[in-house]
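1. sequence? don't have it. structure:
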């Protein structure tokens, strides 16, 4: 290993000592890679001054919006959509004689948490929390299967497609509002997917109370799959929406 | 920072005076002549979305995270447009005497412009802005190992580019 290689190794591991620096000072190539001590002197100019004035003007006219306010409103909207659609379609599954009621309550509570707390977590500043929310995604299909009664009752394609459409259509308004809020933060695929899954959970919550088909294939293909599809679809949709602010 | 979040203009002016010039230099290395546009996007972003600032968090890494996001967005939208004007390596001094300001070396900047975006970000933040790899990882939302790998590959490539420049007649 040459001195240049050793210098490069040390540079790439934040481990430069006096020996490495001494080598760099005598090597015409390595000296160009040495970290800049103390940085540059801040500059000024008409462009910076104009930007300063424009930013001050924006500061004057734009009140600070705490992120929790928007997140809270989205959570309330999603909960309202979930409860309203569930009430409109009816609680047939809950009333069905073969229903696993305890499991339905657990799954319903988890989905409602995903609809409300999930949207808040998805919009939280920073990158960690939305990613942690995505780790919960595999639990959802499992929970659907465990709360299902195992009986296949949706015998026609039309009734099966009804479940799929319920998940997709119930997610439209929450997802549109969520995407509008995402415009105000940096493009971040995991965050967008987390918000998409939270929005699509409104439809899952509705079906949990309404759909009497508790067979595994139906739950996976016509409940879980469209839910996952909405989460993934949110990413390309977010990419076409212009960003107004790049904060994480 | 707290005073800026409350909308105090003096506090913002103080932050702007302290960081704008240096950030402009970093952005010039990331996006070339579009640096002023991206700088504007960055500062307007933090003013508009200051409600997303997490109380107690250091300001500088947050500002640079916003700048990197804005730079990426700019590069994504202008991927197919005109090449970076510093793409061609300039004639450089061959004598191994210490540079008066190595950060301003056009040779390094021209070589930097030829690196992939992720490697360039890691090197600009590390070499020119003095962030540690742990801070860069935090700022970019990736692991420290990933940043070190990017930086190592970037420095390796830079060394090859600079060495070939030195050998050129």
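-> That came through fine. In this text the structure is predicted, and so the values were computed from the model without any measurement.

2. CA only for contacts and neighbour counts going forward, please
-> Fine.

3. does the spatially most central residue of chain B sit in a helix, a strand or a coil?
-> Geometric centre of chain B, nearest residue: residue B:26, 3.6 Å, by C-alpha atoms, centre = their mean. The three-state label given to residue B:26 by DSSP: H, G, I helix; E, B strand; the rest coil is helix.

4. repeat for residue A:150
-> Classified using three-state DSSP, residue A:150 is coil.

5. burial of it, as a residue count?
-> 19 (other C-alpha atoms under 10 Å in any protein chain shown).

6. ok, the residue lying closest to it once chain neighbours are set aside to chain B distance?
-> Nearest non-adjacent residue to residue A:150, counting by C-alpha to C-alpha, 6 or more residues apart in numbering or on different chains: residue A:215, 4.2 Å away. Applying C-alpha to the nearest C-alpha, to the nearest Å, the value for residue A:215 to chain B is 40 Å.

7. pretty sure residue A:215 is touching residue A:147, no?
-> No - using C-alpha atoms under 8 Å, residue A:215 is not in contact with residue A:147, being 10.2 Å away.

8. out of the two, which sits in the more crowded spot?
-> residue A:147 (21 against 17).

9. tell me which helix or strand of chain B sits lowest on mean pLDDT?
-> helix B:106-112 (a mean of 81; mean pLDDT, DSSP states H and E).

10. and that helix, what does it pack against?
-> Judged by 3 or more C-alpha pairs under 8 Å, 6 or more residues apart in numbering or on different chains; DSSP states H and E, helix B:106-112 is in contact with helix B:144-167.

11. give me the number of residues near residue A:1?
-> Residue A:1: 5 surrounding residues under other C-alpha under 10 Å.

12. please apply the same query to residue A:236.
-> The number of residues near residue A:236, taken as other C-alpha under 10 Å, comes to 12.

13. show the pLDDT at it.
-> At residue A:236, the model reports a pLDDT of 96.

14. for the residue of chain A most remote from its centre, give its distance to residue A:4.
-> No residue in chain A sits farther from the centre than residue A:26, which is 50.5 Å out by C-alpha atoms, centre = their mean. Residue A:26 is 11 Å from residue A:4, where distance means C-alpha to C-alpha, to the nearest Å.

15. residue A:234 against residue A:192, yeah?
-> Yes - look at residue A:234 against residue A:192 with C-alpha under 8 Å: they come within range, at 6.1 Å.

16. which one's more surrounded, these two?
-> Taking other C-alpha under 10 Å, residue A:234 and residue A:192 do not tie; residue A:192 has more neighbours (27 against 23).

17. what helix or strand is the more buried one on?
-> helix A:189-210 (DSSP states H and E).

18. is that helix anywhere near chain B?
-> No - Helix A:189-210 is not in contact with chain B by C-alpha under 8 Å from any C-alpha of the partner chain; minimum separation 11.2 Å.

19. and what of stretch A:50-63?
-> Yes - judged by C-alpha under 8 Å from any C-alpha, stretch A:50-63 and chain B are in contact via A:51, A:52, A:55, A:56, A:58, A:59, A:60, A:62, A:63.

20. residue ranges with poor pLDDT in the chain?
-> Just so you know, I chose chain A. A:36-44 (pLDDT under 70).

21. wait, chain B was what I had in mind.
-> Checking chain B against pLDDT under 70 turns up B:80-105, B:165-169.

22. gap between residue A:22 and residue A:34?
-> For residue A:22 relative to residue A:34 (C-alpha to C-alpha), the value is 11 Å.

23. ok, these two, which is more surrounded?
-> Counted by other C-alpha under 10 Å, residue A:22 and residue A:34 do not tie: residue A:34 has more neighbours, with 20 against 12.

24. for that one, give me its contacts.
-> A:11, A:21, A:24, B:127 (C-alpha atoms under 8 Å, 6 or more residues apart in numbering or on different chains).

25. which SSE is the second one in?
-> For residue A:21, the enclosing helix or strand under DSSP H and E is helix A:18-26.

26. give the next helix or strand downstream of that helix.
-> That would be, after helix A:18-26 and using DSSP H and E, helix A:30-33.

27. thinking again about what came up before, quick one: the helix holding residue A:21 near chain B?
-> Yes - against chain B, helix A:18-26 shows contacts by C-alpha under 8 Å from any C-alpha at A:25, A:26.

28. now the helices for the chain?
-> Since you didn't name a chain, this refers to chain A. A:3-11, A:18-26, A:30-33, A:46-61, A:67-89, A:92-95, A:101-123, A:128-135, A:139-147, A:157-182, A:189-210, A:216-218, A:225-240 (DSSP state H).

29. that's the other chain; I wanted chain B
-> B:2-5, B:9-31, B:35-48, B:59-77, B:106-112, B:117-123, B:133-140, B:144-167.

30. next, format those as JSON lines and append distance to residue A:187.
-> Output for these, formatted as JSON lines (distance: least, C-alpha to C-alpha, whole Å):
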{"stretch": "helix B:2-5", "distance to residue A:187": "22"}
{"stretch": "helix B:9-31", "distance to residue A:187": "18"}
{"stretch": "helix B:35-48", "distance to residue A:187": "13"}
{"stretch": "helix B:59-77", "distance to residue A:187": "8"}
{"stretch": "helix B:106-112", "distance to residue A:187": "25"}
{"stretch": "helix B:117-123", "distance to residue A:187": "16"}
{"stretch": "helix B:133-140", "distance to residue A:187": "12"}
{"stretch": "helix B:144-167", "distance to residue A:187": "20"}
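
31. among those, which is nearest residue A:143?
-> helix B:133-140 (33.6 Å; C-alpha to C-alpha).

32. okay, now residue A:46: neighbour count?
-> Counted with other C-alpha under 10 Å, residue A:46 comes out at 8.

33. can you check residue A:208 too?
-> Neighbours around residue A:208, by other C-alpha under 10 Å: 27.

34. with adjacent residues omitted, what lies nearest to residue A:111?
-> Looking at residue A:111 with C-alpha to C-alpha, 6+ apart, the closest residue is residue A:205, at 5.8 Å.
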